[in-house]
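Attaching a predicted model along with its sequence, questions to come.
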Amino acid sequence: MKIQSTMTGNKENFQPIHNNRINLFVCGPTVYDNSHIGHARTYIAFDVVARYLNYRGYSVFYLQNITDVDDKIIQRAAETGASPRMLAKRFEQRYLEDMHALGVTNVNYYARATEHVPEIISQIERLIELGFAYETQSGIYFDESRFQDFGKLSHQSVEDLKKHRIEPDPTKRNPGDFSLWKKRQDGEEVTWNSPWGLGRPGWHIEDTAITETYFGAQYDIHGGAMDLIFPHHEAEIAQMEATSGKKPLVRYWMHTGFLNVNGEKMSKSLGNFTTIRDMLQKYEADAFRFFVLLAHYRSPIDFSEEALEQAGKSLERIRQAARIIEKQLQTAPASSATKPTDPSIDPDVAEAKARFLESMDNDFNTPYALRAVFDLVREVNRRINEKTISRKGLQDASEQLREFGEILGLGFYAAGKKSQGKAEAITGNLIELLIETRQKLREKKEWQLADEIRARLNELNVVIEDAKDGGRKYYV
RNA sequence: GCCAAGGUGGCGGAGCGGCCACGCAAAUGCCUGCAGAGCAUUACCACUCCGGUUCGAAUCCGGACCUUGGCUCCA
């Protein structure tokens, strides 16, 4: 298995630190607003990474932090009149709901920054002792000049980093020194006691304090989006490697490409964002997941409604095949209906699986893995068309398709959105009644009325596909 | 200015030395009462440009051009 690491720029052979165990950390959100679909892209990508590693037999501990204390939270709270704590709680809850709705279900533990302040303080104390951090009037800062490797992840030299867009704080030793602890300013209500008085943690330190707590000084995979490489992940490397003296902090750095809109990064500040909630009002979660998986996780993707609809149709092709298989299994006789000369589909199923795994092993190449899925779909459809597939072949293909879906987190066998509900037991029976009646009309060749019923049901998103044996129905 | 990621058919998007993506959309045929779905076949003769290496380059090397992102808020 190979993983491309941002540190080297190459695909590296994957080798966990502890045998079978994998510690995976992905930077979570700052909970000051609803998350948008750019966030969703990243978390779906790592959800699939975790799913696949688990499938491959590793024991994955997937850890994510929640930044619930931060300038932005305080600022937003001040704007809206809410307390920062309550605001963070609210948007954390919404974030978790969004992830659930998207099928992102493989994070083992969400660690809040505010629940790890003692660990944060401990790490800062050690950095001061070791001479990597110093105190000023405004807080504690990391002394970048003391850490030789600064810039190694983003491939920038210390010289490169001397240029700045923002005017540096003159009280710091080096312009690039970043904040570890912010001392309390007038009126701030979110504070903790520390050896340096009341204050709150800087942004970068929470992640290394959290990963040190659960993983120790070194771990396997760190993920996040491209924009976190600098300065955030550089800061993490500096903090933890300086504290522990152990290198590297992380074996494999995985970074996802941006979700763009008209070629521009989707972001809060540009105002071109769509929240996950809004998107899910209009589209099915799995259609979005499919859209994400259609591109490699490192590639930028351009979001548009057209692209999402196209992805939805592609997914429908797989689901359609799943429906056809189910239908066949229901109606096919128990014994094989094929001729003895018909070749078994087993080799095709095996080949699809091998290609799928090979693609996933190659830095989680989901688009190439999907090719194997589509190849299997076509082969099964072909054989059903030609009546050269046995009952066992259908079952094997069905199981394989289901397994692909589980690895990718896609419900190939899902009925489609909005198929379940409360009053639907009655509705379902009424629909069945209509369909039966219509079938009788067809037998009497009352085509006009039969077609009208089909068209009207279609308007209600009940799709009927006719065949000699009565066809099948499904909901969209 | 420095660093990074890109530029592939009508669209999305893999590949990264020779063959083939895959999907969406399209065309023709098969099937079908019709529609839909499915299958088969086809087309799009695609790789930003200019040099070079090679029997052979989208892929390797050199040089341009363009797009996006980062340069201390960011998934």
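All right, it came through fine.

remind me which residues of the stretch 351-476 of chain A are low pLDDT?
Applying pLDDT under 70 to the stretch 351-476 of chain A flags residues A:414-426, A:469-470, A:475-476.

Contact residues of it facing RNA strand B?
A:362, A:365, A:367-368, A:370-371, A:374-375, A:377-378, A:381-382, A:384-386, A:442, A:447, A:450-451, A:454, A:463-468, A:471 (CB under 7 Å from any atom of the strand). For the C-beta atoms, the positions are set from N, CA and C on the backbone; glycine is no exception.

May I see the ChimeraX selection of the buried members of those residues?
The buried residues among these can be selected in ChimeraX (16 or more other CB atoms under 10 Å) with this line:
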select /A:362,365,370,377,381,384,442,450,454,464
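
How far does stretch A:170-185 sit from its chain's centre?
34 Å (CA atoms, centre = their mean, to the nearest Å).

residue ranges for the strands of the stretch 351-476 of chain A, please.
Ranges of strands in the stretch 351-476 of chain A, per DSSP state E, counting those that start in this stretch, are A:462-465, A:472-475.

The last one pairs with which strands, parallel or anti?
Right, the one you point to is strand A:472-475. Here strand A:472-475 is paired, per DSSP bridges, with strand A:462-465 (antiparallel).

Pull the residues that contact the partner strand.
A:431, A:435, A:438, A:454, A:457, A:458, A:471, A:472, A:473, A:474, A:475, A:476 (CB atoms under 8 Å, 6 or more residues apart in numbering).

And it, how far out from the chain middle?
32 Å.

Pull out the CA atoms of it and give them to me as PDB.
Extracted C-alpha coordinates of strand A:462-465, given in PDB (Å, rounded to 0.1, in the frame of the first residue of the first chain):
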ATOM      1  CA  VAL A 462     -42.400   6.400  -8.300                       C
ATOM      2  CA  VAL A 463     -40.600   5.000 -11.300                       C
ATOM      3  CA  ILE A 464     -42.000   2.000 -13.000                       C
ATOM      4  CA  GLU A 465     -40.000   0.000 -15.500                       C
END
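
Break chain A down into its domains, please.
Domain ranges of chain A: A:2-282, A:311-408, A:424-475, per automatic domain parsing.

can you tell which of these is closest to residue A:295?
domain A:311-408 (6.2 Å; CB to CB).

Off-centre distance for that closest one?
Put simply, domain A:311-408 sits 25 Å off its chain's centre (CA atoms, centre = their mean).

follow-up on the earlier one: save the strands of the stretch 351-476 of chain A as a markdown table, and put in distance to residue A:259 too.
Listed next are the strands of the stretch 351-476 of chain A as a markdown table, based on distance: least, CB to CB, whole Å:
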| stretch | distance to residue A:259 |
| --- | --- |
| strand A:462-465 | 31 |
| strand A:472-475 | 29 |
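
And these: which comes nearest residue A:186?
Residue A:186 lies closest, by CB to CB, to one member of these: strand A:472-475, at 58.8 Å.

could you dump the closest one to CSV, C-alpha only?
Listed in CSV are the C-alpha atoms of strand A:472-475, where the atom choice follows Å, rounded to 0.1, in the frame of the first residue of the first chain:
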residue,chain,number,x,y,z
ARG,A,472,-39.8,-3.3,-11.2
LYS,A,473,-40.5,-0.1,-9.4
TYR,A,474,-38.4,2.2,-7.3
TYR,A,475,-38.5,5.6,-5.7
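
Show the contacting residues for residue A:321.
Residue A:321 neighbours (CB under 8 Å, 6+ apart): A:377, A:380, A:381, A:401.

how does it look with 6 Å?
Going by CB atoms under 6 Å, 6 or more residues apart in numbering, residue A:321 touches A:377, A:381.
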